[in-house]
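Asker: give the three-dimensional model of this entry:
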Amino acid sequence: MNLTQDKAAQGIGILGELDIDLWLIFVRETNMMADPTVALVVGHAATWQSFFAFTRQGDGVALVGNHDEANFRRAKQFIEVLTYTQDVKPDLVKLITRLDPKSIAINYSVNDVAADGLTHGMYLLLQEYLEGTPYVDRLISSEQLVSKLRSRKLPGEIELIAEAARQTVSVWERVVPMLRVGMSEAEVGELIDREILATGGVMSFDTIVNAGDKSAPGHGAPSAAKLAPGDLLHVDFGIKLDGYCSDLQRLAYFRRKGETKAPAELIEAFETVRDIITATGRKARPGVKGFEVDALAREILRDNGYPEYQHALGHFIGRDVHDGGGILGPQWERYGTMPMQPLEVGNVTTLELEILLPGIGCVGLEEDAAITDEGAEYLCPRQMELIVL
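Answerer: Down below sits the predicted model:
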């Protein structure tokens with residue numbers, strides 16, 4: 001299985017679907033400024049200014065600096081590898097003229113960060129290179145192309161995400177018996193991170209830990225706040241394994257003296273969050289728009305007397321934990337057009353929300369799921385019951 005070649009072939013198919021003649025990826029110093037599509041369809045880093053051209057007819061051409069040539073020829077990712085030494089402009093113009101595209105998709109986007117890899121400076125350079133040719137006026141955004149390519153996961157990609165998710169659950173199962181009252185958020189985070197590294201993967205993002213309501217949920221780093229009886233431990237963590245990411249949230253409650261189970265309000269909130277994930281997973285079918293799935297979650301929260309969460313219900317995951325494409329979120333300006341995109345078979349998304357309980361903590365769960373004709377198919381065992389320690 002060569003996923004880079006398979007994704008390039010998939011991208012060529014999408015070019016035909018969108019009636020785009022040429023997808024042109026322009027990069028330089030990719031170890032410093034990596035376009036998100038390089039790992040997806042190119043497969044190798046490039047140092048000098050380099051162009052990767054995919055046509056709807058199935059051509060794949062790399063135009064790279066002479067010292068990068070060996071890597072690209074060895075990889076056999078491209079049908080043709082062209083090189084230059086001093087000035088890329090003549091070779092670029094020659095290549096574009098030969099291909100003679102009526103439309104050229106380049107990687108800029110106002111909505112999808114995964115399709116926005118072309119810097120403004122490089123865009124100006126590209127315009128300069130094509131000045132005096134008819135092709136300078138044929139540049140269009142690759143947003144639709146890249147969004148579809150990243151969000152339509154191939155079966156091999158889904159299995160890699162699922163394995164990362166399963167390993168994340170395994171990390172949690174190993175960590176739970178080691179949790180103790182008196183541990184700080186930072187200590188819990190270090191424990192989780194150590195177990196993640198033991199899997200052979202890395203953290204797909206900085207691990208988040210909340211000890212009761214002593215710290216605000218979100219993207220903050222674990223603090224020195226310590227777990228105490230009556231605290232709900234909330235963790236948000238994931239693994240990047242073999243190039244693909246997971247993203248889960250899990251919960252454990254520490255009993256107060258004399259308690260035999262968690263407080264009723266915590267159990268009620270946990271079950272509400274869990275059941276919303278179940279309900280929205282059933283609704284998340286092909287053709288349903290992301291904002292419609294998100295709206296169902298908010299409706300159930302309101303019906304049960306809880307306030308709405310202040311983020312999207314779900315984001316697509318893959319090579320990155322926020323992988324671009326659509327989103328299961330409200331029609332807020334910050335999300336642009338992404339919540340309006342219909343779901344498709346092969347999308348892989350999180351389903352996540354929380355209820356904040358004063359004096360107890362963040363009742364947040366998150367699951368990873370692939371979209372099928374029947375709805376969401378969860379990629380690892382869900383947390384269906386509250387852990388009480």
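
Asker: what about the helices in the stretch 1-150 of the chain?
Answerer: Secondary structure of the stretch 1-150 of the chain (DSSP state H, counting those that start in this stretch): helices located at 3-18, 36-37, 69-75, 89-99, 120-130, 143-151.

Asker: any idea which of those has the lowest pLDDT on average?
Answerer: Mean pLDDT is lowest for helix 69-75 among the helices of the stretch 1-150 of the chain, at a mean of 92.

Asker: what residues of the least confident helix or strand in the chain by mean pLDDT count as buried?
Answerer: Here the helix or strand of the chain ranked lowest by mean pLDDT, DSSP states H and E is helix 69-75, holding a mean of 92. For helix 69-75, a neighbour-count test (16 or more other Cβ atoms under 10 Å) marks 71-72, 75 as buried. Quick note: C-beta positions are derived from backbone N, CA and C, even for glycine.

Asker: for the residues you listed, which one is nearest S141?
Answerer: For those, the closest approach to S141 (Cβ to Cβ) belongs to F72, at 26.1 Å.

Asker: roughly how far does the closest one sit from G43?
Answerer: Applying Cβ to Cβ, to the nearest Å, the value for F72 to G43 is 9 Å.

Asker: for A9, same thing?
Answerer: A9 is 13 Å from G43, by Cβ to Cβ.

Asker: who's more crowded, the two?
Answerer: Shown here are A9 and G43; by other Cβ atoms under 10 Å, G43 has more neighbours (19 against 15).

Asker: now do the contacts for the more buried one.
Answerer: 4, 75, 77 (Cβ atoms under 8 Å, 6 or more residues apart in numbering).

Asker: sorry, back to before: could I get the CA-only coordinates of the least confident helix or strand of the chain as CSV?
Answerer: The C-alpha coordinates for helix 69-75 follow below in CSV (Å, rounded to 0.1, in the frame of the first residue of the first chain):
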residue,chain,number,x,y,z
GLU,A,69,16.2,15.2,-8.1
ALA,A,70,17.4,11.8,-6.7
ASN,A,71,14.8,11.6,-4.0
PHE,A,72,11.9,12.2,-6.4
ARG,A,73,13.2,9.8,-9.0
ARG,A,74,13.8,7.1,-6.4
ALA,A,75,10.3,7.5,-5.0
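
Asker: how far off centre is it?
Answerer: 29 Å (Cα atoms, centre = their mean, to the nearest Å).

Asker: tell me which strands and helices that helix is in contact with?
Answerer: strand 80-84 (3 or more Cβ pairs under 8 Å, 6 or more residues apart in numbering; DSSP states H and E).

Asker: what helices and strands are in contact with the strand it packs on?
Answerer: strand 60-65, helix 69-75, helix 89-99.

Asker: now, of these, which is deepest in the fold?
Answerer: strand 60-65 (a mean of 22; mean count of other Cβ atoms under 10 Å).

Asker: got the angle for that one vs strand 80-84?
Answerer: Relative orientation of strand 60-65 with respect to strand 80-84: 20 degrees, computed using axes from the mean of the first three to the mean of the last three Cα atoms, to 10 degrees.

Asker: adjacent strands (with direction) for strand 60-65?
Answerer: Applying DSSP bridges, strand 60-65 is found paired with strand 50-55 (antiparallel), strand 80-84 (parallel).

Asker: okay, buried residues for the last one please.
Answerer: The one in question is strand 80-84. 81-84.

Asker: same check, this time on stretch 101-113
Answerer: 101, 103-109, 111-112.

Asker: on that earlier part again, now the buried residues of strand 80-84 as TSV including pLDDT?
Answerer: Output for the buried residues of strand 80-84, formatted as TSV (pLDDT from 0 to 100):
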residue	pLDDT
V81	96
L82	97
T83	96
Y84	96
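
Asker: what's the closest of those to S141?
Answerer: L82 (25.4 Å).

Asker: isn't the closest one up against N66?
Answerer: No. L82 lies out of contact with N66 (Cβ atoms under 8 Å); the separation is 10.2 Å.

Asker: the helix or strand hosting I158 - contacts with which helices or strands?
Answerer: According to DSSP states H and E, I158 maps onto helix 155-175. Under the contact criterion of 3+ Cβ pairs under 8 Å, 6+ apart, helix 155-175 touches helix 3-18, helix 185-198, strand 232-237, strand 239-241, strand 244-245, strand 248-253, strand 348-357, strand 361-372.
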